[in-house]
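Pasting a predicted model and its sequence here:
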Amino acid sequence: MKYFKIIVFSLLSVILVSCSDDWKNEQTEKQLTKHQWELYMYIDGKENEVVSIGDMVFVFEDDGVFKKYIGDDYQTTTWEITQLNYVRIGASTFKIKSLTNKILSLEYGEDTMYFLPYETTD
């Protein structure tokens, strides 16, 4: 009976952890698609300096389409949450360092990008 309780407890723990990760990934998806994200700051970690990129807006759409606007031009690819706190955009995988209603921070290697919700002027 003791081993039965251990096995049941172990199985329930695994189920709860996997459900918890699914819920967190779902919340991350909702948060990413809630705003268009404007690049505020790009830090080159290797050179330890802020790099000027120009106007750049990231758009994560509900259907997995990703658009990156640079001025009047844009590029389209796909995006998905690959695991907890990681998002794949096209062929590149970024670590989500921070994601709230007010800021998105993505890390790629030694580089970090900070985004703020994009305010359209209609």
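Received it, and whenever you're ready, just let me know what you need.

so Glu38 touches Leu116, yeah?
Yes. With contact taken as Cβ atoms under 8 Å, Glu38 and Leu116 are classed as touching, separated by 5.6 Å. The C-beta positions use only the backbone N, C-alpha and C, and glycine is treated the same way.

name the helices or strands packed onto the longest strand seen in the chain?
Ranked by residue count and defined by DSSP state E, the top strand of the chain is strand 73-83. Contacts defined by 3 or more Cβ pairs under 8 Å, 6 or more residues apart in numbering; DSSP states H and E place strand 73-83 against helix 2-34, strand 65-70, strand 86-89.

Go through that strand and flag the buried ones.
Applying a neighbour-count criterion of 16 or more other Cβ atoms under 10 Å, the buried positions in strand 73-83 are 79, 81.

got any ranges where the protein has weak pLDDT?
Per-residue confidence of the chain (counting by pLDDT under 70) places the weak regions at 1-21, 23, 121-122.

related to what we said a few turns ago, which one of Glu38 and Leu116 is surrounded by more residues?
Set side by side, Glu38 and Leu116 show more neighbours around Glu38, with 18 against 14, by other Cβ atoms under 10 Å.

How much space separates that one from Asp22?
Glu38 sits 29 Å away from Asp22, taking Cβ to Cβ, to the nearest Å as the criterion.

How about Tyr108?
Distance of Tyr108 to Asp22, given as Cβ to Cβ: 25 Å.

what do you get for Val87?
When distances are taken as Cβ to Cβ, Val87 and Asp22 turn out to be 15 Å apart.

now do Tyr86
Remark: distance between Tyr86 and Asp22 (Cβ to Cβ) = 14 Å.

Those two: which has the busier surroundings?
Applying other Cβ under 10 Å to Tyr86 and Asp22 shows that Tyr86 carries more neighbours, namely 16 against 12.
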